[in-house]
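Peer 1: Take a look and give me a structure for this.
(chains A and B)
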Amino acid sequence: MTLRLFNTLTGQLDELSPANGGELRMYACGPTVYDYGHIGNFRTFLQVDVLRRFLKLTGVPVRHVMNITDVDDKIIRNAAELGISIGEYTPKFVDAFFEDLDSLRVERPEFIARATEHIEKMVQLIQRLEAAGAAYKTEDGSWYFRLKSFPEYGKLSKKDLTGIEDGARVDVDEYEKDSARDFALWKAVKPGETSWDTAIGRGRPGWHIECSAMSMEFLGESFDLHAGGEDLMFPHHENEIAQSETATKKPLARHWMHVRFLLVDGKKMSKSDGNYYTLRDLLLKGYKASAVRMALISVPYRHQLNFTFDGLTEATNAIDRLRTFHERVTKAALPTGESEAMQQAAAKARAEYFAALANDLNTADARAPIFDLVRAANTALDKNEFLAGDREAVLATLKDFDAVFDVLEDRDAGPTERAVAWAQADGREVAAELLTRQGLSDGEIDALVAERTQSKKQRNFARADQIRNELAEKGILIEDSKDGVRWKRK
RNA sequence: GCACCGGUGGCGAAGUGGUUAACGCGCUGGUCUGCAAAACCAGUAUUCAUGGGUUCAAAUCCCAUUCGGUGCUCCA
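Peer 2: This next block holds a predicted model:
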């Protein structure tokens, strides 16, 4: 099954497959590590995760590179305010970023490329551009890309810049540029700023050059897919194309994927509007990492997603349904044999699931057949028509579902515990409820559940209900079934 | 201002010319249960922002209106 993915460059759904057979080589823009990641960042990384997981599920090996921008204006500014170097400033946020990715179960790209570790490659690329007549140095020692040297500029974002007059938006600090739209490749050193002493002078890289240099380093001069948030389309990706293609005379990437911004409560997220959330904020409000993952994944990447707390609750409950079902199918005592109906239902769900994802990663559509299967199987289980031979077929379909969604197994305690530990270490307030929930060990719960079962046998329902209520207060829910008692953490 | 995207049940969200408008959450009633929970069953949009048009046929195409969002500048 071949994935048909919207290609920003062509404006249509194009099949995505490795140009040279073998690995699919992709580059996805990563974070600028000047602060903790917010849910908008993570929507993009999660959607790219969906993409790479689906590729792997369909048998396409992936060579995925993500950059870490660990030098830029904001980082320099923030570090300066604290009176420390950028090398002292960024590690905390790099670590936090990867911890958050782990919490959200985002797979690690095969390669992580840090801007500050590839300065030399960037310098070489700028020299190459200079040789091609596309880069020039200004009096202060900065280097710029000459936009006029790349007539195709704007082909990705479909912008026609020919009609835009120079001077309309000239930045007064940049009067030395040949043209107002020429963009920086290298910024001359300023007093007190981090800089590198290089063949093209002392300074630091412009933002766009790192991606051109590092994608070339890890993926070659032309590769299969380049992805990122929609905001990066212009100017960032447009500039990457200009730099790379001018230097190599080859298409940078055949396929471009852009993830739409999310809204929070119907508005663009911003700190001043008070609707700005990091992953940690949500975990500390008691939401599960899996629910955040589910909520951010369930709306297809090309659609605006309106993030709300109701949406997180919905995701939480949907996951509960799936997990409850998964456990039921796994553990139920079943009559021997195979039922034609269930075999077919599992196969149909699987086929529809794959078809939905292959159609431009339609995650919303992909969920539907899985829930259809859950209902059909629950019904069969209730009627004792679900047979032992059906278990494998249904679990196989769930496994394919989870290969992309990755929410079935309850691993939510870890991220929440980490968030709590981080908040306490950081001197932040932690809700008491969150702490009490962590108060009971599995063994203690098992003991209480056993006592309740015993009480029930003795028809001491008062004691049984008392135990159930006590556990409920601590976020533990009990469910009696014909296959025994099970409990789960809310 | 210019450009783009979208308005589908209480909420989220599929579906982009043709069976009873997926799926999830929620809500109501029922079955099951000592009571719950889970699960299942039934109900919950005669209708897809509004008005007009094209067509044998439109949520799906066209026009207008309206509302919301985004981009044009750092931003995932």
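Peer 1: count of residues packed around the nearest residue to A:G133 once chain neighbours are set aside?
Peer 2: Once flanking residues are discounted, A:G133 sits nearest to A:S149: 6.2 Å by C-beta to C-beta, 6 or more residues apart in numbering. C-beta coordinates here come from the backbone N, C-alpha and C atoms, glycine included. The criterion is other C-beta atoms under 10 Å. On that basis, A:S149 has 16 neighbouring residues.
Peer 1: who touches A:S149 in this structure?
Peer 2: Contact partners of A:S149, counting by C-beta atoms under 8 Å, 6 or more residues apart in numbering, are A:A132, A:G133, A:A134, A:T246.
Peer 1: how near is it to RNA strand B?
Peer 2: Shown here: A:S149 relative to RNA strand B, a distance of 19 Å by C-beta to the nearest atom of the strand, to the nearest Å.
Peer 1: mind checking how far A:K177 is from RNA strand B?
Peer 2: For A:K177, the distance to RNA strand B under the criterion C-beta to the nearest atom of the strand works out to 13 Å.
Peer 1: Could you find the closest non-adjacent residue to that residue?
Peer 2: In space, A:K177 is closest to A:Y144, 5.5 Å off (C-beta to C-beta, 6+ apart).
Peer 1: can I assume the one you found is in contact with A:R181?
Peer 2: No: taking contact to mean C-beta atoms under 8 Å, the distance of 9.9 Å between A:Y144 and A:R181 leaves them out of contact.
Peer 1: of the two, who's got more company?
Peer 2: Residue environment comparison for A:Y144 versus A:R181 gives the larger neighbour count to A:Y144, 25 against 18, counting by other C-beta under 10 Å.
Peer 1: quick revisit: now the contacts of A:S149 in a markdown table, with distance to A:D100?
Peer 2: Output for the contacts of A:S149, formatted as a markdown table (distance: C-beta to C-beta, whole Å):
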| residue | distance to A:D100 |
| --- | --- |
| A:A132 | 40 |
| A:G133 | 43 |
| A:A134 | 38 |
| A:T246 | 36 |
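Peer 1: Let's see which of the residues you listed end up in helices.
Peer 2: Using DSSP state H, A:T246 are the members of the contacts of A:S149 that sit in helices.
Peer 1: re earlier: test of understanding: give the bridge partners of the residue nearest to A:K177.
Peer 2: Here A:Y144 sits in beta bridges with A:Y136, A:A184, going by DSSP bridges.
Peer 1: Show me the shaky parts of the stretch 101-250 of chain A.
Peer 2: Judged by pLDDT under 70, the stretch 101-250 of chain A has its weakly predicted residues at A:160-176.
Peer 1: can you list the residues of it near RNA strand B?
Peer 2: On the criterion C-beta under 7 Å from any atom of the strand, RNA strand B has as its neighbours in the stretch 101-250 of chain A the residues A:R169, A:W207, A:G228, A:G229, A:E230, A:D231, A:L232, A:F234, A:P235, A:H236.
Peer 1: farthest pair in the contacts of A:S149?
Peer 2: Between any two of these, the greatest separation by C-beta to C-beta is 9.1 Å, found for A:G133 and A:T246.
Peer 1: quick one: which of those two has more around it?
Peer 2: Taking A:G133 and A:T246 together and counting by other C-beta under 10 Å, A:T246 has the greater number of neighbours (22 against 10).
Peer 1: any idea how far the more buried one is from A:W186?
Peer 2: Remark: distance between A:T246 and A:W186 (C-beta to C-beta, to the nearest Å) = 15 Å.
Peer 1: For whatever residue of the stretch 151-300 of chain A ends up closest to RNA strand B, give me its contacts.
Peer 2: Per C-beta to the nearest atom of the strand, A:G229 is where the stretch 151-300 of chain A lies closest to RNA strand B, at 1.8 Å. The neighbours of A:G229, taking C-beta under 8 Å, 6+ apart as the test, are A:C29, A:G40, A:N41, A:T44, A:H258, A:V259, A:F261.
Peer 1: so what's the last one closest to, chain neighbours aside?
Peer 2: Spatial nearest neighbour of A:F261, excluding adjacent residues (C-beta to C-beta, 6+ apart): A:E230 at 5.9 Å.
Peer 1: isn't the one you found right up against A:H258?
Peer 2: Yes: here A:E230 reaches A:H258: they are 4.5 Å apart, a contact under C-beta under 8 Å.
Peer 1: Comparing the two, which residue is more hemmed in?
Peer 2: Neighbour comparison, A:E230 and A:H258: the larger count goes to A:H258, with 23 against 17 (by other C-beta under 10 Å).
Peer 1: For the residue nearest to A:W186 when sequence neighbours are not counted, grab the count of nearby residues.
Peer 2: The shortest distance from A:W186 to any non-neighbouring residue, by C-beta to C-beta, 6+ apart, is to A:W143 (3.9 Å). Neighbour count of A:W143, defined by other C-beta under 10 Å: 25.
Peer 1: With A:E120 instead?
Peer 2: The number of residues packed around A:E120, counting by other C-beta under 10 Å, is 12.
Peer 1: do the same with A:V94
Peer 2: Under the neighbour criterion other C-beta under 10 Å, A:V94 is assigned a count of 15.
Peer 1: how close does the residue nearest to A:W186 sit to A:E193?
Peer 2: Relative to A:E193, and taking C-beta to C-beta, A:W143 is found at 16 Å.
Peer 1: Over to A:Q243?
Peer 2: Per C-beta to C-beta, A:Q243 is found 23 Å from A:E193.
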